[in-house]
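Task: produce atomic coordinates for the following.
(chains A, B, C and D)
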There are 2 protein chains.
Amino acid sequence: MIEYHNLNEPIYLKVKEMIINGELKPGEKIIQEKIAEQLGVSRTPLMKALLALENEFLVESIPRRGMYVKSFGEKEIFDIYICREALEGMAARLLAQSNNKQKKEQLKQCFVPFIGQPNININDYAKADEQFHSLLIKLTDNAPLDKIYFFGNIHEQVINRGLLRPPEETLDEHIKIIQAIEHGNANQAEKCAREHIEKSRILLLNH
Amino acid sequence: MIEYHNLNEPIYLKVKEMIINGELKPGEKIIQEKIAEQLGVSRTPLMKALLALENEFLVESIPRRGMYVKSFGEKEIFDIYICREALEGMAARLLAQSNNKQKKEQLKQCFVPFIGQPNININDYAKADEQFHSLLIKLTDNAPLDKIYFFGNIHEQVINRGLLRPPEETLDEHIKIIQAIEHGNANQAEKCAREHIEKSRILLLNH
DNA sequence: ATAATGAATTTTGTATACAAAAAACAAAAA
DNA sequence: TTTTTGTTTTTTGTATACAAAATTCATTAT
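So this is what the prediction gives:
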């Protein structure tokens, strides 16, 4: 992602924000003319943004019916976690194989402020969490892998549902991933990354 | 994919075909008005198709410059193989875990005509190969995983480059994957699927 | 009151028009 | 000849217009 269509990126970002913050609710129909007017543009560039969002799984198009804000069922979020497991596992493997110290350091920095801390601010930690998972993908320097990062948005959706595991539980898991990457242990890095996501996925199953 | 935008799917398919068969060459600029006229439509629906193709990595957009047919460097194809390794590996695991006999049978059928055959027709085998890898994804019944199947197109590109390993080598690998899935051995299925793709990737490195 | 039918309204999908930016070209200067 | 500058042409990006389809609403029949 990043620098989407330079020109309609503002539109893309605005609509995305409206979806994330619930201004446009899941399942709601996106009436193009209405939204276009709100944003002060015509339907043509709005449509481009909507098509981009469709490819990120945030919007669903039903031909001749319209565009709808995607609403995720349990099964769908489950499926997304399966994909994340595969992709982030591979990302961890690749980073472990690389010997770019600087990248490894960046990952480490995400959680440094929380180590040994008794009272962790949930909001700050959630930000660091997202930052970490995003970095994991970006640092692999693999453009297709990066492109598939529409999962990131869904990650936010999951957070909004309050399905975040407590820091006491995940901080250690994050650190284990980082350590395996640091030590160049590719198998271990992939295993930890996958287990980390698998645990969240299983939590999801039990509501 | 499948049933893209019902209405502009014909446009989408035609442009895709033009790219696959080389009518539009890698790196070539797509002059919208020209192509639109060729297809007998206006730029508006063509743009939708091009945006879909952009998301499949077949077209690249440079803002205010235009849309270009994507040309793949070695590095990029390598990166795509990395993604395939992660995703098809996961797909093999999921299928091994399922106990849907019918799905497993479908996979098996792909290569039945070639088993024990002394002279294998390369074209027929290549088709079966693609069918198998496509099925592997489709049968998982995981929509996001399926959506990421723009790799399929790239698979074709790779075939066009003549980078296909001989059936004597890969037939056995395919059968091993299918057997592991049949026996419900998830770890083995994932391992075989990944090694299978990894071997192609390594071949790619040595031209 | 409920269901069915048909008009009125809304909304999508596509074509077209036009301004702004980029590319191509030609003429002039180094 | 090569580079620079200015002009013309092409092409993109966006707005708008309009037909076809879908939806809504009111009217009629059950």
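
for chain B, what are the nearby residues on chain A?
With CB under 8 Å from any CB of the partner chain as the criterion, chain A meets chain B at residues A:5-7, A:44, A:47-48, A:51-52, A:55, A:57, A:61, A:63-64, A:76, A:79-80, A:82-83, A:85-87, A:89-90, A:94, A:142-145, A:147-148, A:151. Backbone N, C-alpha and C define where each C-beta goes, glycine included.

Swap in 6 Å and give it another go.
Counting by CB under 6 Å from any CB of the partner chain, the residues of chain A close to chain B are A:5-7, A:51, A:55, A:63, A:79-80, A:82-83, A:86-87, A:90, A:142, A:144-145, A:148.

Quick one: buried ones out of those residues?
A:5, A:51, A:55, A:79-80, A:82-83, A:86-87, A:90, A:142, A:144-145, A:148 (16 or more other CB atoms under 10 Å in any protein chain shown).

A:Lys127 should be in a strand, yeah?
No: counting by DSSP: H, G, I helix; E, B strand; the rest coil, A:Lys127 is not part of a strand but helix.

Need the three-state assignment for A:Leu51.
Under three-state DSSP, A:Leu51 comes out as helix.

what sits against it?
B:Leu51 (CB atoms under 6 Å, 6 or more residues apart in numbering or on different chains).

same for DNA strand C: which of the residues of chain A next to chain B are within range?
Residues of the residues of chain A next to chain B in contact with DNA strand C (CB under 7 Å from any atom of the strand): A:Pro63.

Outline the domain layout of chain A.
Per automatic domain parsing, the structural domains of chain A span A:9-69, A:74-205.

Columns distance to DNA strand D and mean pLDDT on top of these, output as TSV?
Converted to TSV, the domains of chain A look like this (distance: least, CB to the nearest atom of the strand, whole Å; pLDDT from 0 to 100):
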stretch	distance to DNA strand D	mean pLDDT
domain A:9-69	3	95
domain A:74-205	19	90
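
Redo those as a markdown table? Include distance to B:Ile115.
Formatted as a markdown table, the domains of chain A follow (distance: least, CB to CB, whole Å):
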| stretch | distance to B:Ile115 |
| --- | --- |
| domain A:9-69 | 39 |
| domain A:74-205 | 30 |
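
Output stretch A:186-194 as PDB, restricted to C-alpha atoms.
Presented in PDB, the C-alpha positions along stretch A:186-194 are these (Å, rounded to 0.1, in the frame of the first residue of the first chain):
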ATOM      1  CA  ALA A 186      14.300 -19.300  11.000                       C
ATOM      2  CA  ASN A 187      12.300 -22.300  11.900                       C
ATOM      3  CA  GLN A 188      11.800 -21.100  15.500                       C
ATOM      4  CA  ALA A 189      10.900 -17.600  14.300                       C
ATOM      5  CA  GLU A 190       8.200 -19.000  11.900                       C
ATOM      6  CA  LYS A 191       6.900 -21.400  14.600                       C
ATOM      7  CA  CYS A 192       6.600 -18.600  17.200                       C
ATOM      8  CA  ALA A 193       4.900 -16.200  14.800                       C
ATOM      9  CA  ARG A 194       2.400 -18.800  13.700                       C
END
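
Name the residues of it that are buried.
A:186, A:188-194.

Now intersect the residues you listed with the helices, please.
Among the buried residues of stretch A:186-194, the members falling in helices (DSSP state H) are A:186, A:188-194.

what's the closest of those residues to A:Ile19?
Ranked by distance to A:Ile19 (CB to CB), these are led by A:Ala193 at 27.8 Å.

That closest one and A:Arg93: what is the separation?
Relative to A:Arg93, A:Ala193 is positioned 8 Å away (CB to CB, to the nearest Å).

now A:Gly27
38 Å.

Could you check which of these two is surrounded by more residues?
Legend: neighbour count by other CB atoms under 10 Å in any protein chain shown for A:Gly27 and A:Arg93, higher for A:Arg93 (25 against 10).

Contact partners for the nearest residue to the more buried one once chain neighbours are set aside?
Closest residue in space to A:Arg93, ignoring its immediate chain neighbours: A:Glu190 at 4.1 Å, by CB to CB, 6 or more residues apart in numbering or on different chains. Contacts for A:Glu190 (CB under 6 Å, 6+ apart) come out as A:89, A:92-93.

just A:Val59 next, same as before
Counting by CB under 6 Å, 6+ apart, the residues that A:Val59 touches are A:50, A:53, A:67, A:70.

Kindly reformat these as JSON lines containing distance to B:Leu135 and neighbour count.
Shown next, in JSON lines, are the contacts of A:Val59 (distance: CB to CB, whole Å; neighbours: other CB atoms under 10 Å in any protein chain shown):
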{"residue": "A:Leu50", "distance to B:Leu135": "31", "neighbour count": "23"}
{"residue": "A:Leu53", "distance to B:Leu135": "29", "neighbour count": "23"}
{"residue": "A:Met67", "distance to B:Leu135": "31", "neighbour count": "22"}
{"residue": "A:Lys70", "distance to B:Leu135": "26", "neighbour count": "20"}
